[in-house]
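> No letters, just coordinates:
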């Protein structure tokens, strides 16, 4: 008798899917400054990280995009240790689609803050983003971040949020 093993279902446990503007990452043609976007969030449940999906609004030219995943200190607003990373080659076919960065071996704890950063040294990609106001932010359990070669510490924005989904296997 063959024994069946069930793979735990991967479900989005944290998400912000509104997309009403664009956040850019990478390098514009003829510019030296690299732009990095980040997003923080609080894990609403415990489980193994399966994937983080981002919405690709526009890909200006083919290139590699890297997502790096971190611990985040929400009280100090400080990015902690790198927990993992994933890279994908983007091309024009990724425009207007949800793109999954797959992760293995990372366990998220309920109530813990995490963050991810997206960067590229050879392309310029528009990511789906939601804009709100100071009084009505688009995402309550995290902030969008912007970094550059000039501003390595970055700035955070409560009234912006990347469009993303965090999938866990419970």
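Arrived safely, thanks for sending. All figures in this text were calculated on a predicted structure; none of them were measured in a lab.
> So for this structure, which residue is the most central one in space?
The centre of the chain sits closest to residue 116, judged by C-alpha atoms, centre = their mean, with a distance of 4.8 Å.
> Name the helix or strand for that residue, please.
strand 113-119 (DSSP states H and E).
> who touches that strand?
Applying C-beta atoms under 8 Å, 6 or more residues apart in numbering, the contact partners of strand 113-119 are 25-26, 34-43, 52, 54, 65-74, 79, 83, 101, 108, 125, 127, 142, 145, 147, 164. The way it works is simple: take the backbone N, C-alpha and C, and place the C-beta from them, glycine included.
> thought residue 68 was touching residue 82?
Yes: counting by C-beta atoms under 8 Å, residue 68 touches residue 82, with 5.8 Å between them.
> Mind checking which of the two has more residues around it?
Higher neighbour count among residue 68 and residue 82: residue 68, with 19 against 11, using other C-beta atoms under 10 Å.
> Break down the chain into its strands, ranges please.
10-16, 21-26, 35-42, 47-59, 63-73, 78-90, 97-102, 107-108, 113-119, 124-131, 144-148, 155-157, 160-162, 164-169 (DSSP state E).
> Would you mind listing the buried residues in the last one?
Read it as strand 164-169. 164, 165, 166, 167, 168 (16 or more other C-beta atoms under 10 Å).
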